[in-house]
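S.K.: requesting a structural model of the entry that follows:
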Amino acid sequence: MPRALVAVLSVFLAVETARAAPLDLPVPAADPAVAARMVLGFRDDLELVQLRFSLSLTHAWFRQLAPDGTPIVGAVAAVHLAGSAPRFRARHVAPAASPVVVTGVRRLDLDAATARARAAVAGATGVSARAAVALPAGAGTVVPGVWLAVDAVDAAGAHLYEVTVDADDGTVAVGRDLLVRASGTGNVYRPNPITESGDRTLMDNGNADSPELTDLLEVVTLEGLDGSGFLRGDFADVHRRSGRASSPTLTFDFTRGEVGFDEVMAYYHVDRAQRHVQALGFTGAKSIWARPLEVVTDFVAADQSYYDPVNKRLELGTGGVDDAQDADVIVHEYGHGLEYDLIPQYGASPDAVALGEGWGDTLAYAVPTLSDHPALIERACLAPWDATAYVPPQPCMRRVDGTGHWPEALVSPLEPHYDGEIWSGTLFDVFAQPDVGVDEGLRLVLESMFLYMPNESFAAAGQALLDADAELDGGEHQATLRRVLVWHGILATPSPPGADGAVVATAPVDFTQAGGQGLDVSRTLSEPGAPSIRVHFASMHLDVGGSCVDGLCDAIYLYDRDGNVYARLGGARTDVTAPIVPGDTVVVRLVTRATSQSTGFTVDRYDVVDPSQPTAMPDAPMPDAPPETPPMKAPDSGGCRLGGGAGGGAAAWLFIWVAARAARRRRPSSRS
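M.R.: Numbering: from 1, shown residues only. Prediction:
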């Protein structure tokens, strides 16, 4: 490795602990694996486990090894390369930790550790996988251990627990349940009979046929079958626990009340989703799970389904409406399969799990149904058929068009499906932008997921989306993406405030917003032609707490006309002068939690600030405050105007201000 490159990389790796900002570092190498190793310093304790190709980059994943050669749980590194041999360019790097020291000795073998693990898991039925590993012990040390995937069944259904055993002292740690769950749905049409018919009175009735439900069935082409007579083909291998649907003529014309119908629909919708992913460009070496996925349509009797990352299969439930009878549930779970195929050890943080749930919902929404029937229930309402079996019945399993704002809309790490609606709502808004659209948006999301880490955060996922656009489309959608990500709180760092200057005018405002639970309300204050605006709060009384982000449980946000955020305010305070917002528009937005006890806030005035004026202009009479306007959602939806209905005093101020600015111009302005 050239010495100059070693020096640059050593400095970079010394300060980076997570995915880096985009780089542009030349790496001379004969192939991508060598290039990636070069970037990481040819370390002997890093083992290449995966080399993947997305539409724009090559992605090399490594796991870190302990001195005895066992993999360290959770220790991974990644290098994302542009270009090709003989000169790659390192674009993103997530380096590994420094080499570790082993403490303790391996006193338990695999069998002894397995016995301890099974004893520690309630309802344990078996062990799907196990391996000797090293367990992080802090301060650059590891201890010998064993990693296991323990199957279990209890009243809530099936589980697959990640368990570690300290092979030195025998300590057992039962970790997360690896089975990603979703609410069950039923009736596999395109996507389900309620969405197709608009008839919310349709009922499952114990999986029975009815003339109405039979009439909604559509005849489809089952592509890619292997000719065996079973529902097994290019991208899906579907069966029941104790049998398979079969047809020597490959004609699977079951109705929903017949055994085999669930298998047909599971095959079709998994195949449909994969073919759409490939249509977006993810084919050949750049494909994502372009191989048969095992699907068991009656794996559990509970109303739940999940992707099993250890056995690498889709396991569907039959409680309520059969989950294999609703395309939205099938494609949601297939989304989990895609993310696990892309990202080793994914789901290592609450944010990552929630992002996965939001992604699964987004995929179910975004993949075309190909139905012959128009969707009479909007597609943003997922799985309304499955939701008829909930107690009490619900109109939808979940929605993807939510307006949830991070972090106020977070529920808890115990219910990632609700937190996932923050991400699905963000992506829904991205897809709705005229310069993006659903297909291009989905392509960008898939590309961005190649950059995810196992413990991905909401903010990192947002940045990955921007990075994917930069790599794939040359940054064509940066402004659009950033605006949506900021509005949903995914990108939360405020823009620098506008420059200070003279207060050339002050407008009184009678604007009081009461608090409440789960609020997301906004109002626009505007003064055409103003260089910048500074809002003054007479008071604010919003919930605070040590467990909330920055101590603010509910918050006030200030945006400019373009959707850039300039402040996040909260607490119990009076006489609060907010940061200056450049431009002639400020959107004041209040977002509260579902459990909020906030009282609200009052804005009593705003100042027009001219940074080009070093001293204050002479006082000028101000008009009366404009009438109250209703809450606004978008920054460009109107609001208060300083000069609206103004008399001679405001006109005089405006004339003086404009004249003073015009006198300083050296040449005519080109602005119309």
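
S.K.: list the contacts for the closest residue to residue 46 other than its chain neighbours?
M.R.: Counting by C-beta to C-beta, 6 or more residues apart in numbering, residue 46 lies nearest to residue 62, which is 4.2 Å off, once chain neighbours are set aside. Every residue, glycine included, has its C-beta placed from N, CA and C. Going by C-beta atoms under 8 Å, 6 or more residues apart in numbering, residue 62 touches 36, 40, 46-49, 76-79, 96.

S.K.: min pLDDT across these, which one?
M.R.: Among the contacts of residue 62, residue 96 carries the weakest pLDDT, at 87.

S.K.: tally of neighbours for that one?
M.R.: The local packing of residue 96 (other C-beta atoms under 10 Å) involves 21 other residues.

S.K.: please apply the same query to the one 3 residues further on.
M.R.: Counted with other C-beta under 10 Å, the neighbours of residue 99 add up to 14.

S.K.: do residue 390 as well
M.R.: 16.

S.K.: and the end-to-end length of stretch 150-159?
M.R.: From its first residue to its last, stretch 150-159 covers 8 Å (C-alpha to C-alpha, to the nearest Å).

S.K.: please, where are all the helices along the stretch 151-300 of the chain?
M.R.: When assigned using DSSP state H, counting those that start in this stretch, the helices of the stretch 151-300 of the chain occupy the ranges 193-197, 211-215, 261-279.

S.K.: for residue 470, find the nearest of the ones you listed.
M.R.: Residue 470 lies closest to helix 261-279 among those, at 21.6 Å (C-beta to C-beta).

S.K.: what is the closest one packed up against?
M.R.: strand 236-239, strand 293-300, strand 313-317, helix 327-342 (3 or more C-beta pairs under 8 Å, 6 or more residues apart in numbering; DSSP states H and E).

S.K.: try it again with 7 Å
M.R.: Applying 3 or more C-beta pairs under 7 Å, 6 or more residues apart in numbering; DSSP states H and E, we find helix 261-279 packed against strand 236-239, strand 293-300, helix 327-342.

S.K.: related to what we said a few turns ago, with mean pLDDT added, can I get the helices of the stretch 151-300 of the chain in JSON lines?
M.R.: Putting the helices of the stretch 151-300 of the chain into JSON lines (pLDDT from 0 to 100) gives the following:
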{"stretch": "helix 193-197", "mean pLDDT": "93"}
{"stretch": "helix 211-215", "mean pLDDT": "94"}
{"stretch": "helix 261-279", "mean pLDDT": "95"}
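
S.K.: looking at the ones you listed, which is nearest to residue 109?
M.R.: Nearest to residue 109 among the helices of the stretch 151-300 of the chain is helix 261-279; the distance by C-beta to C-beta comes to 39.7 Å.

S.K.: and that closest one, which residues are buried?
M.R.: Using 16 or more other C-beta atoms under 10 Å as the test for burial, helix 261-279 gives 261-278.

S.K.: listing partners with orientation, what would you give for the helix or strand where the residue nearest to residue 46 lies?
M.R.: Residue 62 belongs to strand 58-65 when assigned by DSSP states H and E. In the sheet, strand 58-65 lines up against strand 46-53 (antiparallel), strand 71-84 (antiparallel) (DSSP bridges).

S.K.: burial of residue 152, as a residue count?
M.R.: Residue 152: 18 neighbours (other C-beta under 10 Å).

S.K.: and it, bridged to which residues?
M.R.: Listed by DSSP bridges, the beta-bridge partners for residue 152 are residue 124, residue 159.

S.K.: residues in contact with it?
M.R.: 121-125, 159, 161 (C-beta atoms under 7 Å, 6 or more residues apart in numbering).

S.K.: and it, how far is that from residue 315?
M.R.: Distance, residue 152 to residue 315, using C-beta to C-beta, to the nearest Å: 14 Å.

S.K.: likewise residue 605?
M.R.: Residue 605 is 60 Å from residue 315, by C-beta to C-beta.

S.K.: with distance to residue 218 as new columns, can the contacts of residue 62 be given to me in a markdown table?
M.R.: Shown next, in a markdown table, are these (distance: C-beta to C-beta, whole Å):
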| residue | distance to residue 218 |
| --- | --- |
| 36 | 47 |
| 40 | 51 |
| 46 | 51 |
| 47 | 48 |
| 48 | 46 |
| 49 | 42 |
| 76 | 44 |
| 77 | 47 |
| 78 | 43 |
| 79 | 46 |
| 96 | 51 |
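
S.K.: could you pick out the buried ones from those?
M.R.: Those of those that meet the buried threshold are 36, 40, 46, 76-79, 96, by 16+ other C-beta under 10 Å.

S.K.: can you name the two of these that are farthest apart?
M.R.: Going by C-beta to C-beta, the pair spanning the buried ones among the contacts of residue 62 furthest: 36 and 76, at 12.7 Å.

S.K.: show me what counts as buried in stretch 435-453.
M.R.: The neighbour-count check on stretch 435-453 (16+ other C-beta under 10 Å) flags 436, 438, 440-453 as buried.

S.K.: so which of the residues you listed comes closest to residue 562?
M.R.: residue 436 (16.8 Å).

S.K.: pretty sure that closest one contacts residue 479?
M.R.: No - the pair residue 436 and residue 479 fails to qualify as a contact (C-beta atoms under 7 Å) at a distance of 11.1 Å.

S.K.: residues contacting residue 600?
M.R.: For residue 600, the contact set (C-beta under 7 Å, 6+ apart) comprises 512-515, 541.

S.K.: which one of those has the most neighbours?
M.R.: residue 513 (21 neighbours).

S.K.: ok, that residue touching residue 598?
M.R.: No - here residue 513 does not reach residue 598: they are 9.8 Å apart, not a contact under C-beta under 7 Å.

S.K.: strands of the stretch 501-650 of the chain, start to end?
M.R.: Applying DSSP state E, counting those that start in this stretch to the stretch 501-650 of the chain gives strands spanning 502-514, 520-526, 532-541, 555-559, 565-569, 572-577, 581-582, 585-591, 600-610, 640-641.

S.K.: now swap in the stretch 351-500 of the chain and tell me
M.R.: Remark: strands assigned in the stretch 351-500 of the chain by DSSP E, counting those that start in this stretch are 381-382, 398-399.
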